[in-house]
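Colleague: Pasted the sequence and its predicted model underneath.
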Amino acid sequence: MSYTPINEISKIRDELRATFCKGTTRPLSWRRRQLHQVARMVQENLEPFAKTIINDLGRPRNETYPVELGLVVTRSITSAEKLEEWTKPEVLTEAVPDWQKTWKPTIFKQAKGTVCIIGPWNYPMILTLQPLIGAIAAGCCAIIKPSEFSPAYSTLLAELLPKYLDTSAYRVVLGGIPETTRVLELQWDHIFYTGNGRVGRIVAAAAAKHLTPLTLELGGKSPIIIDANYDMDLAAKRLLWGKISNAGQICISPDHAFIVREKQDEFTAALKKWYGIFYANGPLNSEYGHIVNETHHTRLMALINETKGEIVVGGGSNDKLGIEPTVVKNVKNDDVLMDDELFGPIFPVIPVDSVDDAIEAINARPHPLMLYVFTEDDQVKQKVLENTQSGNIAFGDTFQALSVDALPFGGVGESGYGRQVLKYTFDEFIYLRSSIDMPKEAEPTLEARYPPYNEEKLKF
Ligand code: NAD
């Protein structure tokens, strides 16, 4: 992957800014065309794009087509269709008292300007192009800085994007830390960062220097609570699927499970059963994602070697960056597996005495991006909802919620702030510009505000 020369980055930003100032991105017809071009770019290059992701992550086609390629195509087309509705100024004549109606109080949906999108490697397409779709719909110019750890995807994006989109408004910057550092030194009108919290803090500090507004889509340890009354076989099937997808390298991968103690063995036996059904020839001889690079492979294998829990299934690895889905039971809250977000196919199971104990353990950690709850009891659902905080919550399943276009997605506390998906992404890239348009005829009704002041005017 050849990186963007560092001294070109500010020139790119200046060119985009000039385009924004010229008003190129203002007409909805222009934005609609760019959105259709995003869809066309992906649609006409489905297989080349899929191959890059398979190359970078070994991710199976079935896990790649729907959640990356499919979603980008449908969401860019939907955004194009919704442009009028989203951008329409809101005239508030109904919402204000009679004496303010003639002022025409209006909220304009104004583009923030020239923005910067920084993406991670784990879902390299949706997590760079979904923000881009929102930026285009809002009427912003944008640079995209995809991850250096998904080089095949990032290189293809840099090659194809200029063939489909207006390069005076949208550009790809390729690079690692030095290039991203240069990007972050520049002033942007919004930064949309997806990745880990450590870098999130670097991005937030850089943004603070220019008072730049920010979206932070971060990660964390997304916990699971399994109540005694739930069907253990079904919970195991759904959760194992959640854990194996992209080999656990998902921001909302179910990280660790709290289970009522007496059900732990039934649950882990069911996980073992489904493991055998999903991968009759073993995961490492099947269509199953690999770990992104040596560093993460070494980190995850060290965790497997250092845990004090009991490995129920998995634990093996190969020299092609593969690691078997690894279920570990009787894990304690202070185990090495509970230190940080696992971001890999290791599944710690922690026995607890009650759902209340699980809630207490969850509340002792930073707010996660997602919380999964498996229970048949509506009161337990309500209790978890009321007594915990997480960016999102799913009952009875893992990340199927992400396929619901109408739901916003984002974090709270250490899992980030801001939201995405369709209108919610658009909202990150606009600001609400309030306005009034005072008619000359209103002058008699305003007399009381002018000096000289007197008691009579106070009563007005
Ligand atoms: P990554 O290493 O690819 O980093 C993300 C971006 O930050 C890259 O573009 C990279 O170049 C840049 N970067 C890295 N180090 C930097 C530095 N020192 N200074 C400036 N920029 C730097 O991806 P990652 O962070 O390993 O991604 C995984 C993390 O992202 C996990 O924590 C995961 O939970 C989180 N994530 C969150 C979401 C979400 O939507 N909330 C989605 C996917 C991943």
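Modeller: That came through, no problem.
Colleague: switch to C-alpha atoms for all contacts and neighbour counts from now on
Modeller: Fine.
Colleague: and L132, that one's in a helix?
Modeller: Yes: judged by DSSP: H, G, I helix; E, B strand; the rest coil, L132 forms part of a helix.
Colleague: thought it was touching C116?
Modeller: No: between L132 and C116 there is no contact under Cα atoms under 8 Å: 9.2 Å.
Colleague: Need the overlap of contacts for these two.
Modeller: Counting by Cα atoms under 8 Å, 6 or more residues apart in numbering, the shared contacts of L132 and C116 are 142, 144.
Colleague: Any residues of the stretch 51-200 of the chain in contact with the ligand? List them.
Modeller: Residues of the stretch 51-200 of the chain found near the ligand (Cα under 6 Å from any ligand atom) are 118-121, 145-149, 176-177, 180-181, 194-196, 199.
Colleague: Could you rerun that using 8 Å?
Modeller: Residues of the stretch 51-200 of the chain found near the ligand (Cα under 8 Å from any ligand atom) are 118-123, 127, 145-150, 175-181, 184, 193-200.
Colleague: Please spell out the ChimeraX selection for the buried subset of those.
Modeller: Of those, the buried ones go into a single ChimeraX selection, burial set by 16 or more other Cα atoms under 10 Å:
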select :118,119,120,121,122,123,127,145,146,147,148,149,150,175,179,180,184,193,194,195,196,197,200
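Colleague: Measure how buried the closest residue to the ligand within the stretch 301-450 of the chain is and give me the count.
Modeller: Nearest residue of the stretch 301-450 of the chain to the ligand (Cα to the nearest ligand atom) works out as G410 at 6.0 Å. For G410, the count of nearby residues is 23 (other Cα atoms under 10 Å).
Colleague: Name the nearest residue to it, ignoring sequence neighbours.
Modeller: Leaving aside its sequence neighbours, G410 sits nearest to R419 (Cα to Cα, 6 or more residues apart in numbering; 4.7 Å).
Colleague: same question, I136
Modeller: Nearest non-adjacent residue to I136 (Cα to Cα, 6+ apart): R31, at 6.0 Å.
Colleague: Could you point out which residue ranges in the protein have low pLDDT?
Modeller: In the predicted model of the chain, residues 460 satisfy pLDDT under 70.
Colleague: Tell me the spacing between the closest residue to G413 other than its chain neighbours and K145.
Modeller: Distance criterion Cα to Cα, 6+ apart; nearest residue to G413, sequence neighbours excluded, is H367 at 5.7 Å. Going from H367 to K145 by Cα to Cα, to the nearest Å gives 27 Å.
Colleague: List the buried residues of the one helix or strand Q37 maps to.
Modeller: In this structure, Q37 sits in helix 28-43 according to DSSP states H and E. Buried residues in helix 28-43, counted by 16+ other Cα under 10 Å: 28, 31-42.
Colleague: likewise stretch 292-305?
Modeller: For stretch 292-305, a neighbour-count test (16+ other Cα under 10 Å) marks 292, 297, 300-301, 303-304 as buried.
Colleague: now the strands: where do they sit in the stretch 301-450 of the chain?
Modeller: Taking DSSP state E, counting those that start in this stretch to define them, one finds strands in the stretch 301-450 of the chain at 310-313, 326-329, 346-352, 370-374, 392-395, 416-417, 430-435.
Colleague: Y3: which element?
Modeller: Following DSSP H and E, there is no helix or strand that holds Y3.
Colleague: next one: the one 10 residues further on
Modeller: Using DSSP H and E, R13 falls within helix 6-22.
Colleague: Identify the residues contacting that helix?
Modeller: 25, 113-114, 140-143, 168-171, 173, 178-179, 182-183, 186.
Colleague: Check which residues of it are buried.
Modeller: By 16+ other Cα under 10 Å, the buried positions in helix 6-22 come out as 6, 9, 12-13, 15-20.
Colleague: Might you enumerate the residues of the stretch 301-450 of the chain proximal to the ligand?
Modeller: 341, 343, 369, 409-411, 415-416.
Colleague: about what we covered before: most tightly packed of the strands of the stretch 301-450 of the chain?
Modeller: For those, the largest average neighbour count (mean count of other Cα atoms under 10 Å) is found in strand 370-374, namely a mean of 26.
Colleague: packing partners for that one?
Modeller: strand 222-226, strand 392-395 (3 or more Cα pairs under 8 Å, 6 or more residues apart in numbering; DSSP states H and E).
Colleague: Take the buried residues of stretch 292-305 and keep only those in helices.
Modeller: Counting by DSSP state H, these place 297, 300-301, 303-304 in helices.
Colleague: For the residues you listed, give me a markdown table that also has distance to F374.
Modeller: Shown next, in a markdown table, are those (distance: Cα to Cα, whole Å):
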| residue | distance to F374 |
| --- | --- |
| H297 | 30 |
| L300 | 27 |
| M301 | 29 |
| L303 | 27 |
| I304 | 26 |
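Colleague: List the residues that contact S154.
Modeller: Taking Cα under 8 Å, 6+ apart, we find S154 in contact with 124, 146-148, 174.
Colleague: can you tell me which of these lies nearest to the ligand?
Modeller: Nearest to the ligand, judged by Cα to the nearest ligand atom, of those is S147 at 3.8 Å.
Colleague: Pull up the gap between that closest one and L132, please.
Modeller: When Cα to Cα is the yardstick, S147 and L132 sit 15 Å from each other.
Colleague: Regarding the residue in the stretch 251-400 of the chain that the ligand sits nearest to, what is its secondary structure?
Modeller: Nearest residue of the stretch 251-400 of the chain to the ligand, counting by Cα to the nearest ligand atom: C251, 3.3 Å away. Look at C251: counting by three-state DSSP, its state is coil.
Colleague: got the contact list for the nearest residue to it once chain neighbours are set aside?
Modeller: For C251, ignoring the flanking residues on the chain, the nearest one in space by Cα to Cα, 6+ apart is G219 at 5.1 Å. G219 makes contact with 195-197, 251-252, 341, 368-369, 411, 414-416 under the criterion Cα under 8 Å, 6+ apart.
Colleague: So which of the residues you listed are in helices?
Modeller: Reading helices off those with DSSP H, I get G197.
Colleague: ok, now how distant is S435 from S10?
Modeller: 34 Å.
Colleague: Could you do L92 as well?
Modeller: Distance from L92 to S10, counting by Cα to Cα: 41 Å.
Colleague: what do you get for F49?
Modeller: For F49 relative to S10 (Cα to Cα), the value is 29 Å.
Colleague: next one: G200
Modeller: Using Cα to Cα, one gets 22 Å for the distance from G200 to S10.
Colleague: got the residue ranges for the helices in the stretch 351-460 of the chain?
Modeller: With helices called from DSSP state H, counting those that start in this stretch, the stretch 351-460 of the chain shows them at 355-363, 378-387, 423-428, 443-446, 455-458.
Colleague: Need the winner for burial among the ones you listed.
Modeller: helix 423-428 (a mean of 23).
Colleague: Could you measure from A204 over to the ligand?
Modeller: Using Cα to the nearest ligand atom, to the nearest Å, one gets 10 Å for the distance from A204 to the ligand.
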